[in-house]
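1. have a look; sequence and predicted model below, questions after that.
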Amino acid sequence: MIRLAICLMCMIPLVSLGLTFIMPQQQDIDWIESHHWKHRLVVISGSEEPVIEQRSRFLELEDHVLERDLLILTIIHPPTDEDQDPNVPDPGSLAAHLGISSSTFQVLLVGKDGEVKEHRFEQVKPQEFFSCIDVMPMRLAEMKQRKAT
C-alpha cells in the first residue's frame with residue numbers, strides 16, 4: 001500500500017506536465033489484490049454514455065453502496081485519458097484481470113474474494129446486485145455483526 005501511495009505521489013508532477021506514466025504490471029496486480037477482503041467491486045465497461053448512466057444509477061444509492069463495501073469502477077472504450085476513472089490505475093490491466101476483452105457494455109460484480117459473482121451485458125438495476133450481495137455468506141455475517149454492535 002505504501003508503494004502505491006509513493007508511486008501515485010511520484011505521478012502527480014508527471015501528470016501535471018502532461019506526460020504519460022505507465023505503472024509496472026506488478027503494481028497493477030498489487031492494486032487489485034489490495035481490495036481483496038475489503039471491497040466488493042462493480043466494474044462497468046463500455047462506451048462512455050451507457051457507462052456513465054449505469055454508474056449514476058449506483059451512485060444515486062450511495063448509502064446502499066457504502067453499506068455493502070462497494071467500489072464503483074468504470075472503464076471507458078475507446079480509452080482516452082480524460083474519460084478514465086481516476087480510481088483505476090490501469091484500466092487495461094483491470095479489464096484483462098477480469099476477462100473483459102471487448103468494448104461491449106458489461107457490468108461485473110466482484111466479491112471480496114476477488115471472484116466475479118455476476119457478469120451482465122445490459123444495464124442493471126442496482127437493487128439486483130444488492131440482492132445478490134445480501135445472500136452471500138460473507139455479507140450475511142457482516143449484517144449479523146453490525147446488528148450485534
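-> Looks like it came in fine.
2. when you work out contacts or count neighbours from here on, use the C-alpha atoms and nothing else.
-> Fine.
3. after the helix or strand harbouring Lys117, which helix or strand is next?
-> Using DSSP states H and E, Lys117 sits within strand 116-120. Next in sequence after strand 116-120, counting helices and strands by DSSP H and E, comes helix 126-134.
4. now do that following helix, average pLDDT.
-> When pLDDT is averaged along helix 126-134, the result is 97.
5. list the buried residues of the helix or strand just after that helix.
-> Remark: after helix 126-134, the chain's next helix or strand is helix 137-148, criterion DSSP H and E. Neighbour-count burial for helix 137-148 flags Arg139 (criterion: 16 or more other CA atoms under 10 Å).
6. what does stretch 85-99 give?
-> Result for stretch 85-99 [16+ other CA under 10 Å]: buried residues Val88, Pro89, Asp90, Pro91, Ser93, Leu94.
7. report the buried residues of the strand holding Lys117.
-> Val116, Lys117.
8. pull up the pairing partners for that strand, direction included.
-> Under the criterion DSSP bridges, strand 116-120 sits next to strand 106-110 (antiparallel) in its sheet.
9. residues making contact with the strand it pairs with?
-> 40-46, 116-124, 129 (CA atoms under 8 Å, 6 or more residues apart in numbering).
10. please export the C-alpha coordinates of stretch 93-105 as CSV.
-> The C-alpha trace of stretch 93-105 is given here as CSV (Å, rounded to 0.1, in the frame of the first residue of the first chain):
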residue,chain,number,x,y,z
SER,A,93,-4.8,-4.5,-16.6
LEU,A,94,-8.1,-4.5,-14.7
ALA,A,95,-10.0,-5.5,-17.8
ALA,A,96,-7.6,-8.3,-18.6
HIS,A,97,-7.6,-9.5,-14.9
LEU,A,98,-11.5,-9.7,-15.0
GLY,A,99,-11.7,-11.2,-18.5
ILE,A,100,-13.2,-8.1,-20.2
SER,A,101,-11.9,-8.5,-23.7
SER,A,102,-14.1,-6.2,-25.8
SER,A,103,-15.7,-2.8,-25.8
THR,A,104,-19.2,-4.3,-25.4
PHE,A,105,-21.1,-2.9,-22.5
